[in-house]
Structures are given as structure tokens and as C-alpha cells.
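*Asks:* Prediction below, plus the sequence it came from.
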Amino acid sequence: QQSNTCDLTYEVTTPDKEAAFEFCDMQHPYSTQEATPGSTTKCKIIAELECGSSETLIGERCFLYDADTEIAFADQKCKDHGSTYSLHKVTSNFEQKWISSKILVNKEGRLVDGVPGQYVIVLRKGSSSRSKIGGLAPMTPNAKIPILCSAPAKARPEYLTSLASKLNGMGFKSTFAQDLAGVSRPFTVVRAMQTFEINAADLYTAGSQRLQRSCEAFHHGYAATPFDFKNVEDFKRVLKEAAVNIVAVPGSRMAGDTKPNIWSCSEKDGSPEVTRRSAFYFDIRTAEGTTIRKRAHNGTFWSPSFPTRTCGDMPRVAMGFSQYGLVDIPNNARLFVLCTFGMTYFLSDFFVCT
């Protein structure tokens, strides 16, 4: 359908708006935009995310089922649909309810992870089924059953615009820029001084968990790196529009690189520029909440002549991004951080091993 909203009226009495919202939320796996209480309850429902024509949207994920597959090959079968797909793990009663009610193909069940042994979630309708729909039932490892795959849903353009508008009203101005997938994403500067984690016994560490936590208040928020931009010049543009000269970037110089700074401001670092840049890594937050490291050797990321060990009294093992590009900074630096938010993002899909 062209429209992503619909209005439903239920012959159910709700006493107030809170009760109306609670009732409406239980009737669908999408988002309730408005709820009107009374002798009849009116619900305005909006689908802020979207899936492919053969997929089913439930919550924030797109679901599809595949043909009878041996349990041992189930996850790879899902990956065959695309790198963002995986064998779905039921994580809540909400998912169990809507999977069992919306994805029915007259089959016995679906695989479920996270429980001892091999189990399926029963989806078959009719008196021939021995188990209750939505319940768990054991399955032998060599059994062939249809499997349920899922991937993060794509945000509709109006969803991100609406989300950014709400944050703007709270004082967080957002700027949009294209990511590696060509999707326009919102970015906002958190104007509070953030710090890197420092190990007192090792002056050459610069942890980035505090930077990430400062962005987690936003929906699917995380600290941005140059890899979040299709064109790194947009990173500079975002900072200029925010009137901010530099922000902290999650990442650091590789462990074990303990070259001291050169105190003299006139003496040059004799090592090749590409070697110095290859020693730095970004800490990339994945959609699953884990962290992977990606080398920061791309020359277009860096400000001219950086990184450099000259004219410094502290080891430059952390990274910041300025209006001129990436620079190496001491791990005791206190800076703002640039956050991106609104939807999960599989950055690792665009990485090429080197």
C-alpha cells in the first residue's frame, strides 16, 4: 500500500488515553500514532519501517520463511537471502505472539535459538497439531522443517525525518548525510565533554565505550566514524553546520605500538605517512551491539600531515575528526561526540578484508 497509516475502530471501552494506547499497542506489531478512548476505542497505526514484498514486518525486523531445511544448515540457508539475514532468535513474548499469528504457512514449526537442545515454535493451525500455537516443541537435529529468517527493517524516509524533528525540539539539531548504503541518515553532536577510557598502567590505551554510551540515549544511536559517510566531506559539512571544530571518534592506535612522542616541534616523524595511518583502528559498533575494529588507513579520512608524533607531551593514541579531517590526539582529550541514530546498520557488509 502507498500509505503507511491506517485507522481502526474497536467496539471496546477504554477509560482514558493511557488505557487506549495500551489497548491499541496490543492489536498490532507496528507503532501506535494516536489512540482515542471512549465507548469505542480508535487507533491510528503507523508503519515507520518497511520490508520487501515477500517479507512480513514485525516490530523492527523483516521476517521470511524458507523451505524445509536440516537444522544444521538453517543459519546458512538464511544467509543465502543476504548478509543481513540470520536464523531468527525469539527474544520476547511480543515476537512469539505475532510470529505465531502472522506467519502461518500450514507447516509444523519454526526453529528457535536460546533454549536447551533443538526446539521449534509451533505455528500450525488445526486439530491435528498436538501442541498449542505459539508454544515450543522439541525437534530432532536431523529433522527437516521450514525455518524463519529475519533481518533489520529499513526505515521509511519520513520516519527518520520525524525522529530528527522531535529531537530538534529537544535541542538536538540533526544534519542528514548519505551512508555507505546510500541511505540518508541523521547525525547530531552531543555537546557534552566526553572522555576515552585510560588504563593507568598503560598510557597507550584509549577505550571508546564512554563515547558509545553517550549516543545510546538515541534510538539505535552510536558514535559515528568516517565509515558512516558515503563521502567523508559530509562529515566535515556536519561539523561546520553544527559550528563544532572537532569531535572524538571511537578508536585508537593499535595495541603494542608504544612509540613515544617527539618533543621537538621542528623535528619531523621520519616514518612513512601510510605506515603511521595504518597503525590506527576505528571501533565500529555493529547492529548486534558488538564491536569490530577497522583500519583507519584511508588517506581521504586524514587531515594533511596527520597522524604525527611531533610537538607533543602525551602519546597521541586516540582519534578526533576536525573540519579538516582525522587527527591523532592524546587519550586525555575531552571532546564532543557525533552520534548517528534511527536505524540499525550493518557497516561490516561494506568492509573489504585487507
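*Replies:* Everything's here; your move. Numbers count the residues shown, from 1 in each chain.
*Asks:* Any idea how far apart the tips of stretch 34-41 sit?
*Replies:* 11 Å (Cα to Cα, to the nearest Å).
*Asks:* Show the residue spans covered by the helices in the stretch 51-200 of the chain.
*Replies:* For the stretch 51-200 of the chain, the helices defined by DSSP state H, counting those that start in this stretch occupy 74-79, 93-102, 157-169.
*Asks:* for those, which one sits closest to residue 49?
*Replies:* helix 157-169 (6.8 Å; Cβ to Cβ). Glycine gets a C-beta too; all of them are placed from N, C-alpha and C.
*Asks:* quick check: domain ranges of this protein?
*Replies:* As given by automatic domain parsing, the domain ranges for the chain are 5-47, 54-154, 156-350.
*Asks:* Using TSV, lay out the helices of the stretch 51-200 of the chain together with mean neighbour count and distance to residue 33.
*Replies:* Output for the helices of the stretch 51-200 of the chain, formatted as TSV (neighbours: other Cβ atoms under 10 Å; distance: least, Cβ to Cβ, whole Å):
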stretch	mean neighbour count	distance to residue 33
helix 74-79	17	32
helix 93-102	16	18
helix 157-169	15	10
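*Asks:* Nearest to residue 143 among the ones you listed would be which one?
*Replies:* Once the helices of the stretch 51-200 of the chain are compared by Cβ to Cβ, helix 74-79 is nearest, at 10.7 Å.
*Asks:* average pLDDT across the closest one?
*Replies:* Helix 74-79 shows a mean pLDDT of 85.
*Asks:* about what we covered before: lowest average pLDDT across the domains of the chain?
*Replies:* Among the domains of the chain, domain 54-154 carries the lowest mean pLDDT (a mean of 70).
*Asks:* Could you work out the end-to-end span of that domain for me?
*Replies:* 14 Å.
*Asks:* coming back round to it: among the helices of the stretch 51-200 of the chain, which comes closest to residue 87?
*Replies:* helix 74-79 (4.5 Å).
*Asks:* and the residue lying closest to residue 60 once chain neighbours are set aside, what is it in contact with?
*Replies:* In this structure, residue 60 finds its nearest non-sequential neighbour in residue 153, 5.5 Å apart by Cβ to Cβ, 6 or more residues apart in numbering. When contacts are counted by Cβ atoms under 8 Å, 6 or more residues apart in numbering, residue 153 touches 49, 50, 51, 57, 60, 61, 62.
*Asks:* And residue 63, by the same measure?
*Replies:* So residue 63 contacts 51, 55, 56, 57, 88, 99, 103, 148, 149, 150 (Cβ under 8 Å, 6+ apart).
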